[in-house]
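Chemist: Okay, here's the prediction I keep looking at, along with the sequence it came from:
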Amino acid sequence: MTPVLEVDRLSIAAGGRRVVDSLSFRIAPGEALALVGESGSGKSATARAVIGLLPPGLAPDGGVIRFEGAPLEANSAALRKLRGPGIGMVFQEPMTSLNPAHRIGAQMEEGLALHTRLNRAERRNACIAMLERVGITDAPRRLEAYPHEFSGGMRQRIMLASVMLLRPRLLIADEPTTALDSLTQAEVMDLMAGLAREQGTALLLITHDLGLVARYADRALVMQHGRVVEEGPAAPLLDNPREAYTRALVDALPRRGPARAVPPAPPLIEARNLSVTYPKRGALFRRAEMFQAVDNVSLAIHPGEVVALVGGSGSGKTTLGRAMLHLVPVSGGQLLFRGTDVTARTGPALLDFRLACQIVFQDPYSSLDPRMRVRDIVAEPLRLPGGMPMEERHRRAEALLEEVGLGGLGTRFPHALSGGQRQRVAIARALVRDPAFVVADEAVSALDATVRKQVLGLLREQQRRRGFACLFVTHDLGVVEEIADRIVVMQHGRIVEEGPRDAVLDTPRHDYTRALLAAALRRPGTAA
Amino acid sequence: MLAYVLKRLLVALPTLLLVAASVFFLMRLIPGDPATVILGDAATPEAVADLRLAYGLDRPVLVQFALWIERALAGDLGRSITSGEAVGPLILARFQVTAAIVFASVGIAVLLAVPLGMLAAWKQNSWGDVAAVAAATFLLSIPSFWLGLIFLLVFGLWLGWVPVVGYVTFAEDFWGALHYIALPVVTLALIETGVLIRMARASTVEVLRLDYIAHARAKGVPEWRVLARHAFPNAFAPTLTLIGLIMGSLLGGIAVIETVFTLPGLGRLLVEAIFARDYPVIQGVMLFIAVIYVVVNLIVDLLYPVFDPRVTAG
């Protein structure tokens, strides 16, 4: 049988460097192939080359791509006609993959108008049916809405609907769910796999996440530095990886660490009936409606304890984390630090608290000042108070950078570091004053699997050595297995379940926890 | 929508009052008495006193301000100290000249610059793009008076295509008026084209990088349609803001251009009034400029949701 897609010794160059080097693979009709690798492995470039949409700076450098037996010529009219009905593509970033200036109905219909002879009413009906298929309720009315009126997960469904509407023979999905929380990720992936099966569409799934591969691909191809490392049926490849690199990727999947007993002590930090409200879209001369982000939550964290705060987007977990750092105004309740009420403190009275409590943010690209050298970023918290001389500050910063694996990089600027290295800088900055409490807000969510594993390892090692208490905010229960002593699950601004890690993971009581667990891409049989 | 417009105008009132007050009081901080300036050599103490009485300059400053505001609200901006003309109609007459030039030149600039800037971004780093950026930088670096003088020299004196001095209104002689404003319009349009090409190019480059452009292409949408339908509305929104700012500042006065081409516009009126210490005219013009800013920005804000539905008016 003719393969849907045949890539034959494809090379792609960026400047003089080859990012993809003589890559060959085939996809049979209806088959799901996963292209697995980390950032910079050339997997996205390969996907873009197939549909002829290489970003500026990248250019094909030899090789042939055949679609249903016929070679594809870049920039040809024939390729443009294939885009849509022949090859469809789903993109990673739900926030920018739909055009903000047009209603979603118009965007969905555009492909149909270009490639089919359906009339207006027929196109509209097709859009409505497809929207309903991907689980958007009230579809006729929603066609008139703009992308910004939908959440990230909804937008990704709409994007999927608009691509599958043309019934492509090959669907390219480039990290389609990386930006979504784990619950939404599972829903969107299930939908995608289901639609592909219904329509007999072959799937080229680009991902760095082996968890997705195990669940959604027939075959996998592992890439590193633009070359194939290992290829084969997905399940055996994950169970018995032959190559060291594949093994490293498999090992990067979360694994449960040993349970620890935290010695009993009075709480270090405690939220008592804490509430946080935000005004919804404000309006002049009118009282804005309030949104209850955190609703009467009580949570105590003990010295040296690692508490995972888990929930989907909009559950209020990030807001609670920030409220416990006194970073957002609370509308009710108390925040106690070492037994003292600090809720109403401001300015200088809050200094001790500020120095003892630190945060590591999610996005390593925006959380470091691009104009400061790494050493100065880490040393900055040492300026206050007391006036340590600059040489001493720099010495300490360098020592800590050494400790987090960035020795000798102190004089670099953040842009010269990788995402994982930046997150190490952020961790060093949080730890430089030996804090008692650290909030890690989705601190590893933006990282590749192997890098995530390393950064988590660093965080755990530092936690064990320095003994700070940690609130680990995340949507991913998999990550929690590695590091948490206790798990707190939040939904709609309230805590719905709370308990020791093993109890929550092995015998969850609340439905929401069970749903989160089902969606988490954990390696089967990793329970220690 | 209507409620939003009214609300915006209402919110603008304190701004306008503030402008009025600062103009009024700052004028009086400048040393020099208008009566002395007007009378010149004939400034005997009696003559100065008479003139001050006639224009209310002998009253306390606060009373003068209150009176001025009261009359301004009724549409009466006073009379020019130098010419005796009513300030309101004077401003409107002069504004017509300025507005004709500004609307025509900004219109031409937008029609030229936005497609050019978008094409340059589409072919980023090609020789066409480099040429467009170089041309834009050159245009916006030329002083407007110099370009105006060169045009006068070439098209007015050497070729004799257009008159060098003077002005007729469109109402008097439509074709004649076109002749008079052709050069100033072209001068201003070229300079603003430089600014707008850069803006349109920069925002298009940003937009073309986004996934929804790749998504449109991945649907098989032809390139011209990707640009016109998917890139244009998103890239134009920031340019629209800039157009608003440009319109506001140009309508408020293109004194240099008006001086070079000897046109009786608003900018020249203001400059002449300042030299003559013609308080009522200065105050009236400044207030009028403030109103223009408010109105132009309001129009931009009302247009914005057309290009970016994430911004809603209301």
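Modeler: Structure's in. What do you need?
Chemist: Can you name the element that comes right after the host helix or strand of A:Ala323?
Modeler: According to DSSP states H and E, A:Ala323 maps onto helix A:317-324. Following helix A:317-324 in sequence order, the next helix or strand is strand A:332-337 (DSSP H and E).
Chemist: what residues does that next one touch?
Modeler: For strand A:332-337, contacts defined as Cβ atoms under 8 Å, 6 or more residues apart in numbering or on different chains pick out A:267-275, A:296-298, A:323-324, A:326, A:341-343, A:353, A:356-357. For the C-beta atoms, the positions are set from N, CA and C on the backbone; glycine is no exception.
Chemist: at 6 Å instead, please
Modeler: A:Ile269, A:Glu270, A:Ala271, A:Arg272, A:Asn273, A:Leu274, A:Ser275, A:Asp341, A:Val342, A:Thr343, A:Phe353 (Cβ atoms under 6 Å, 6 or more residues apart in numbering or on different chains).
Chemist: low-scoring pLDDT stretches of the chain, where are they?
Modeler: In the absence of a named chain, chain A is used. When residues are selected by pLDDT under 70, those of chain A lie in A:280-288, A:385-386, A:521-528.
Chemist: I was thinking of chain B, sorry if that wasn't clear
Modeler: Checking chain B against pLDDT under 70 turns up B:1, B:32, B:34, B:37-38, B:40-42, B:312-314.
Chemist: What residues does it have near chain A?
Modeler: For chain B, the residues in contact with chain A (Cβ under 6 Å from any Cβ of the partner chain) are B:210-212, B:214-215, B:217-220, B:230, B:233-234, B:309-310.
Chemist: go with 7 Å
Modeler: Proximity of chain B to chain A, by Cβ under 7 Å from any Cβ of the partner chain, involves residues B:7, B:124, B:210-212, B:214-215, B:217-222, B:230, B:233-234, B:307-310.
Chemist: so where do the helices sit in the stretch 1-150 of chain B?
Modeler: B:2-29, B:34-39, B:45-54, B:61-73, B:87-122, B:127-141, B:144-151 (DSSP state H, counting those that start in this stretch).
Chemist: Report the distance from the fifth one to the chain centre.
Modeler: What it means is helix B:87-122. Remark: helix B:87-122 is offset 8 Å from the chain centroid, using Cα atoms, centre = their mean, to the nearest Å.
Chemist: Just list what it packs against, helices and strands only.
Modeler: Under the contact criterion of 3 or more Cβ pairs under 7 Å, 6 or more residues apart in numbering or on different chains; DSSP states H and E, helix B:87-122 touches helix B:127-141, helix B:174-208, helix B:232-251, helix B:266-275, helix B:279-307.
Chemist: orientation of it relative to helix B:266-275 in degrees?
Modeler: Per axes from the mean of the first three to the mean of the last three Cα atoms, to 10 degrees, the angle that helix B:87-122 makes with helix B:266-275 is 130 degrees.
Chemist: Check the secondary structure at the one residue in the stretch 301-450 of chain A that gets nearest to chain B for me.
Modeler: Across the stretch 301-450 of chain A, the shortest distance to chain B (Cβ to the nearest Cβ) belongs to A:Tyr365, at 15.6 Å. Each residue gets one of three states, and A:Tyr365 gets coil by DSSP: H, G, I helix; E, B strand; the rest coil.
Chemist: How is A:Phe472 assigned, secondary-structure-wise?
Modeler: What three-state DSSP gives for A:Phe472 is strand.
Chemist: what about the host helix or strand of A:Leu237, distance to the chain center?
Modeler: Assessed by DSSP H and E, A:Leu237 sits inside helix A:234-239. Offset of helix A:234-239 from its chain centre (Cα atoms, centre = their mean): 24 Å.
Chemist: which helices and strands sit right next to it?
Modeler: Other helices and strands packing on helix A:234-239, by 3+ Cβ pairs under 7 Å, 6+ apart, are helix A:210-216, strand A:219-224.
Chemist: switch the cut-off to 6 Å
Modeler: With contacts defined as 3 or more Cβ pairs under 6 Å, 6 or more residues apart in numbering or on different chains; DSSP states H and E, the packing partners of helix A:234-239 are strand A:219-224.
Chemist: Residues contacting the strand it packs on, please?
Modeler: Counting by Cβ under 6 Å, 6+ apart, A:25, A:33-37, A:41-43, A:213, A:228-231, A:233-234, A:237, A:245-246 sit against strand A:219-224.
Chemist: So in that sheet, which strands flank that strand, and in what orientation?
Modeler: When pairing is defined by DSSP bridges, strand A:219-224 lines up against strand A:32-36 (parallel), strand A:227-233 (antiparallel).
Chemist: which bits of the stretch 51-200 of chain A sit near chain B?
Modeler: When proximity is defined by Cβ under 6 Å from any Cβ, the stretch 51-200 of chain A lies next to chain B at A:51, A:53, A:80, A:83-84, A:89, A:91, A:93, A:96-101, A:111, A:114, A:146, A:148.
Chemist: Buried ones among those residues?
Modeler: Those of those that meet the buried threshold are A:51, A:53, A:80, A:83-84, A:89, A:91, A:93, A:96-101, A:111, A:114, A:146, by 16 or more other Cβ atoms under 10 Å in any protein chain shown.
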